[in-house]
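Asks: What follows is a predicted structure for the sequence shown.
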Amino acid sequence: MLPRNTFALGGAASGKSQWAEDVANSCGLRKTYLATGRIWDGEVQERVNIHRARRDAGWQTVECPLDLAEPLSRLTSGEIVLIDCATMWLSNHLMDGNDLGQAQTDLLQALRSCAAPWIIVSNEVGQGIVPDNAMARQFREAQGRLNIALAGEADTVVQVIAGLPQVLKGQLP
């Protein structure tokens, strides 16, 4: 059975996006993919191409690097939404000089109001060394707070390591 809300957390290239896509593909609902990444170089473009190639024509993709509330408000209970990823979304807000606390508040409200079940993917960024610059430390702290808040909103929280889901809260779908 599909949980109402799922939070998939993991390190970079851990398999969390693939796992989340597999869950969405298995549920039988119309699928919407909210893509938060901005393409700023060839390496990022290649990663986006890999993600796009995995998704079949059954996915509706919406590019939304900053505003997730508007597309979330249009969804119905007959759909599932995958947000990939909270880390890029937060980074976009930081780079644009936005109020990160307000952005987080707005996202949480939009998730609570969303009629569709959601899966949100995010990176775990707190297991490494302390960053050597103020912006990186600000980002790490904000990402940690966002991840804690998203885990609190989710019925199921899964940490993906080497492509393997480890349940932290709830049950695997």
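Replies: Thanks, I have the structure now.

Asks: can you name the farthest residue from the center of this protein?
Replies: Here the chain reaches farthest from its C-alpha mean at residue 132, the gap being 25.9 Å by C-alpha atoms, centre = their mean.

Asks: So that residue lies in a strand, does it not?
Replies: No: going by DSSP: H, G, I helix; E, B strand; the rest coil, the assignment for residue 132 is coil, not a strand.

Asks: what's near enough to touch it?
Replies: Not one residue lies near residue 132 by C-beta atoms under 8 Å, 6 or more residues apart in numbering. C-beta here means a position set from N, CA and C on the backbone, and glycine is covered the same way.

Asks: Now do the helix or strand bottoming out on mean pLDDT in the chain: distance to the chain's middle.
Replies: When each helix and strand of the chain is scored by mean pLDDT, DSSP states H and E, helix 42-54 comes last, with a mean of 86. In terms of C-alpha atoms, centre = their mean, to the nearest Å, the centre of helix 42-54 is set 16 Å apart from its chain centre.

Asks: Buried residues, that helix. List them.
Replies: Neighbour counts over helix 42-54 (16 or more other C-beta atoms under 10 Å) mark residue 51 as buried.

Asks: Identify the residues contacting it?
Replies: By C-beta under 8 Å, 6+ apart, the surrounding residues in contact with helix 42-54 are 17-18, 21, 35, 37-39, 61, 84.

Asks: now with 6 Å?
Replies: residue 39 (C-beta atoms under 6 Å, 6 or more residues apart in numbering).

Asks: Can you show me the strands along this structure?
Replies: For the chain, the strands defined by DSSP state E occupy 5-10, 30-35, 59-63, 79-84, 118-123, 156-161, 164-169.

Asks: Residue 150 is nearest to which of the ones you listed?
Replies: strand 5-10 (4.9 Å; C-beta to C-beta).

Asks: And for stretch 76-94, what's in contact with it?
Replies: Here stretch 76-94 has contacts from 17, 20, 24, 27, 29-34, 36-37, 65-66, 75, 100, 103, 115-123, 139, 143, 146, using C-beta under 6 Å, 6+ apart.

Asks: Restrict these to the buried ones and give me that as a PyMOL selection.
Replies: Restricted to buried positions by 16+ other C-beta under 10 Å, the PyMOL selection for those reads:
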select buried, resi 17+20+24+29+31+32+33+34+36+37+65+75+100+103+116+117+118+119+120+121+122+123+139+143+146
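
Asks: coming back round to it: need the strands of the chain in a markdown table with mean pLDDT and distance to residue 71, can you?
Replies: Output for those, formatted as a markdown table (pLDDT from 0 to 100; distance: least, C-beta to C-beta, whole Å):
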| stretch | mean pLDDT | distance to residue 71 |
| --- | --- | --- |
| strand 5-10 | 98 | 16 |
| strand 30-35 | 97 | 6 |
| strand 59-63 | 95 | 5 |
| strand 79-84 | 98 | 8 |
| strand 118-123 | 98 | 11 |
| strand 156-161 | 98 | 22 |
| strand 164-169 | 97 | 26 |
